[in-house]
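>>> Predicted model and sequence below, questions to follow.
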Amino acid sequence: VNTHTDKTAAAEAFDRAAAARRAGDMKGALSGFLMALALAPSHPAYRREALSVLGLASGYTALPVPILDALRAAATDPTLDLQPLSLVVKNIVVGDRRFADLEKALHGPPDAVEHAIADGAWDWLLGEPLLHAVLARAILIGARLENVLTKLRRHFLLHPSTALLVRHERFLVAAALQVNSTRFPWRVEPDEQAYLAGLKDGAALAQALYRPLRDLSAAAANDLPDVLKAARHAQQEIKQRAANVLGLTPIEDAVSQKVQAQYEQFPYPPWDVIADAKPMAFDAFITAQFPRLAAGTAKPAILSAGCGTGRGAIMLALTFPEASITGLDLSRTSLAYAAMKAEQHNLTNITFGIGDILNVSALNQTFDMIESSGVLHHMRDPSVGLRALAAVLKPGSVMRLALYSERGRSAVIAARDVIAARKIPDSDDGVREARRVLQNLPSGHPARGVIDTPEFFTLDGLHDLIFNVQETRYTPRQLKLLLQGAELTFAGFDIADAAIRTAYARAFPDDPQALDLDNWDQFEQSHASAFSEMYQLWCYKAA
Ligand SMILES: C[S@@+](CC[C@H](N)C(=O)[O-])C[C@H]1O[C@@H](n2cnc3c(N)ncnc32)[C@H](O)[C@@H]1O
């Protein structure tokens, strides 16, 4: 092998892929990034980019062996976000012709299942390191795949002589991590419930597949493999931290209190690692992104309003090492998770505390930037919340918001209608029931769109998506009024999909900056899913 030639070829493939991606050519991007990865499998940027495009691509059911091997190696890298691998696993596993046989066999007698496992007939799936990695560190997606794993879990519980433990402990441990981090969305039959009720301190691994590790007795926990012991410790740590969260502002509003209770029970979102933070100077960032604004300060104060489990706030702290970040939220449980993650990232420039955006003035501080993603639309009156934030934003400074789109959320709205019509209760069990009902809807039903989201595969995610106790949705025209009401000026949407940007530019050549929200309203009428991932927008306060 001529490594030098390989390196050059890899770099060229990577550059071509990056250009293709910028131009919206996702097929070109995928093949280029995969080629770069195959040629230089341990290059961190190649790994990151290959994963990120694979996370968007579908329509393949197999990958060449060198690519699979490179991905398996990448999956052992603790600094990579493995969520994109989930789609890869779904595609290659469910697309494998052996998968349908496995599904059928799982309906058969337990003895036959036991033999198949003992004979190694399912090693291709249960021994697959990519599956283990996704289960341990990402959200598994795919209803058929989940169904198969649910049946294997059931087999393991009810047939303790199982060959699974002998052959596939790694799989079982990874599955236990998955159900613990997604808070047990998988279906449990009454006979499993009954069996579980009779379990004592033994069968620690079986218990870990059905209940929070935190709830296992110390004696049972003693028998667990180290990774599960560590996960149990983290769950206990979150509980302790939640009891000791720093108080920042009072929470008096009745809707805020209702929303608070919701996010205590269903903290959101679950996340693992941030792989793509690029440190930069805040003033340089402002100059590059907002040339019309005066350069920002080098050491900004930044507020993450409604920071949830802290991903956005921690991303800001990593991106702007000179900044001091405040993360404010209603939910102790979410803040506890955020604080634990900040510590894991060795961050010292971030403070998390509990409080209501409505009382943000009680912080007695003003900010050089505010980020509030997926938050204001959960307030009784989002315009009051936005005005409260605008009041603590320094003149000439920017705010980044993410808000629900009325048109983009049509599948969610249909799903909300289904659960309302069937009076499905708002509880952990209700969310599980909703999953069953939605999966059984006829194909083509508008609510089935929510099944194809990662949110569907976690209890907290699906609650956030379709059970939210308070939500307002917007059109671009309504966004315009919302911003005007807080005396903020629209500074543009962040849109990842180049095709959307191009289509807008073509439709509105007179608006090269893409800043006219009336145009966007018209545009969205014919591109209803353009903002299905929310409006991600920038605005600023006049100097
Ligand atoms: C959907 S989560 C988004 C979390 C985070 N911003 C993210 O994007 O990952 C909404 C969060 O907003 C918080 N929230 C809602 N209303 C709030 C309020 N009035 N004051 C502070 N936080 C609020 C909730 O507690 C919840 O954690």
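Alright, I've got the coordinates.

>>> Local confidence estimate at the one residue in the stretch 201-350 of the chain that gets nearest to the ligand?
Going by C-beta to the nearest ligand atom, the ligand is nearest to Gly308 of the stretch 201-350 of the chain, at 2.5 Å. Using the backbone N, CA and C atoms, a C-beta is placed for each residue, glycine as well. Residue-level confidence at Gly308 comes out at 98, pLDDT.

>>> Likewise for the one 10 residues further on?
At Leu318, the model reports a pLDDT of 97.

>>> What is the end-to-end distance of stretch 400-409?
Using C-alpha to C-alpha, to the nearest Å, one end of stretch 400-409 lies 20 Å from the other.

>>> quick one: is that stretch near the ligand?
No: against the ligand, stretch 400-409 shows no contacts by C-beta under 6 Å from any ligand atom, the least distance being 6.7 Å.

>>> mind listing the strands for this structure?
246-247, 301-305, 324-329, 350-354, 367-373, 393-403, 488-493, 535-541 (DSSP state E).

>>> In TSV, list those strands along with mean neighbour count and mean pLDDT.
Listed next are the strands of the chain as TSV, based on neighbours: other C-beta atoms under 10 Å; pLDDT from 0 to 100:
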stretch	mean neighbour count	mean pLDDT
strand 246-247	10	97
strand 301-305	25	98
strand 324-329	25	98
strand 350-354	21	98
strand 367-373	23	98
strand 393-403	20	98
strand 488-493	18	98
strand 535-541	20	98
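
>>> and this protein, which residues reach the ligand?
256, 259, 263, 268-269, 306-308, 311-312, 328-331, 334, 356-358, 373-375, 378-379, 464.

>>> quick one: pLDDT of Ala499?
Here the pLDDT value assigned to Ala499 is 89.

>>> Also Gly59?
80.

>>> Then Thr3?
Note for Thr3: predicted pLDDT of 74.

>>> Number of residues surrounding it?
Neighbour count of Thr3, defined by other C-beta atoms under 10 Å: 10.

>>> where do the helices sit along the stretch 301-450 of the chain?
311-319, 332-344, 382-391, 410-421, 428-439 (DSSP state H, counting those that start in this stretch).

>>> Burial check on the residue lying closest to Ala362 once chain neighbours are set aside, number of neighbours?
Among residues not flanking Ala362 along the chain, Thr249 sits closest, at 4.2 Å (C-beta to C-beta, 6 or more residues apart in numbering). For Thr249, the tally of surrounding residues (other C-beta under 10 Å) stands at 17.

>>> dump the residue contacts of Thr249.
By C-beta atoms under 8 Å, 6 or more residues apart in numbering, the contact list for Thr249 reads 328, 355-356, 359-360, 362-363.

>>> Give me the buried entries from those.
Among the contacts of Thr249, those classed as buried by 16 or more other C-beta atoms under 10 Å are 328, 355-356, 359-360, 363.

>>> just the residues you listed now: which is nearest Leu37?
Of all these, the one sitting nearest Leu37 is Leu328; the distance, using C-beta to C-beta, is 39.7 Å.

>>> surely that closest one meets Cys307?
Yes: contact between Leu328 and Cys307 holds when scored by C-beta atoms under 8 Å: they sit 6.4 Å apart.

>>> Now do the shared contacts for the two.
Residues touching both Leu328 and Cys307 (C-beta under 8 Å, 6+ apart): Phe352.

>>> Would you check that Gly247 makes contact with Gly355?
Yes: with contact defined as C-beta under 8 Å, Gly247 counts as touching Gly355 (7.1 Å).

>>> before we move on, back to that, now do the contacts for the residue of the stretch 201-350 of the chain closest to the ligand.
By C-beta under 8 Å, 6+ apart, the contact set of Gly308 is 263, 267-269, 329, 331, 334, 338, 374.

>>> how about it, phi and psi?
Backbone geometry at Gly308, expressed as degrees, to the nearest 10, gives phi 60, psi -130.

>>> now it, nearest residue through space, not along the chain?
Closest to Gly308 by C-beta to C-beta, 6+ apart is Ser334, at 4.9 Å.

>>> For burial, what's the neighbour tally of the one you found?
28.

>>> again with Pro269
For Pro269, using other C-beta under 10 Å, the count is 19.

>>> contacting residues around it?
Contacts of Pro269 (C-beta under 8 Å, 6+ apart): 308-309, 311, 460-461, 464.

>>> go on, Phe467?
Contact analysis of Phe467 by C-beta under 8 Å, 6+ apart lists 266, 419, 426, 430-431, 434.

>>> let's go with 6 Å and repeat that
By C-beta atoms under 6 Å, 6 or more residues apart in numbering, the contact list for Phe467 reads Asp426.

>>> What score does it have for pLDDT?
On the pLDDT scale, Phe467 is placed at 97.

>>> quick one: the helices in the stretch 1-150 of the chain?
Along the stretch 1-150 of the chain, counting by DSSP H, counting those that start in this stretch, helices occupy 3-22, 26-39, 44-54, 65-74, 83-94, 97-106, 110-118, 123-126, 129-137, 143-158.

>>> Now the residue nearest to Ala362. Its backbone dihedrals?
Torsion angles, degrees, to the nearest 10, at Thr249: phi -140, psi 160.

>>> The residue nearest to Gly308 is in contact with Phe266, isn't it?
No: Ser334 is beyond contact range of Phe266, at 9.4 Å (criterion: C-beta atoms under 6 Å).

>>> what's near enough to touch Leu328?
Leu328 sits next to 248, 305, 355 when contact means C-beta under 6 Å, 6+ apart.

>>> Then Ile466?
412, 415-416.

>>> How about Asp191?
By C-beta under 6 Å, 6+ apart, Asp191 has no neighbours at all.

>>> Repeat that for Arg16.
Residues near Arg16 by C-beta under 6 Å, 6+ apart: Gly32.

>>> Okay, it and the ligand: tell me how far apart.
33 Å (C-beta to the nearest ligand atom, to the nearest Å).

>>> For that residue, report the pLDDT, please.
For Arg16, the pLDDT comes out at 96.

>>> Can you give me the neighbour number for Ala261?
So Ala261, with other C-beta under 10 Å, has 13 neighbours.

>>> sorry, that was for Arg436
10.

>>> From Lys151, how far out is the nearest residue to it once chain neighbours are set aside?
In space, and not counting its chain neighbours, Arg436 is closest to Arg187: 6.8 Å by C-beta to C-beta, 6+ apart. Applying C-beta to C-beta, to the nearest Å, one obtains 9 Å for the distance of Arg187 from Lys151.

>>> And for Glu533?
In terms of C-beta to C-beta, Glu533 sits 32 Å off from Lys151.

>>> In terms of neighbours, single out the busier of those two.
Taking other C-beta under 10 Å, Glu533 and Lys151 do not tie; Lys151 has more neighbours (19 against 14).

>>> quick revisit: can you tell me which of the buried ones among the contacts of Thr249 comes closest to Lys7?
Leu328 (46.6 Å).

>>> Can you tell me who the closest one pairs with across the strands?
On the basis of DSSP bridges, Leu328 is bridged to Ala305, Gly353.

>>> so what's the closest residue in space to Ile354 that isn't next to it in sequence up against?
Sequence neighbours aside, Val245 is the residue nearest to Ile354 in space, at 5.0 Å (criterion: C-beta to C-beta, 6+ apart). Shown in contact with Val245 (C-beta under 6 Å, 6+ apart): 332, 335, 354.

>>> again, only this time at 10 Å
Residues in contact with Val245 (C-beta atoms under 10 Å, 6 or more residues apart in numbering) are 329, 331-336, 338-339, 352-355.

>>> What is the neighbour count of the spatially closest residue to Pro225 that is not a sequence neighbour?
Spatial nearest neighbour of Pro225, chain neighbours left out: Val173 (5.4 Å); criterion: C-beta to C-beta, 6+ apart. Using other C-beta under 10 Å, Val173 has 22 other residues around it.
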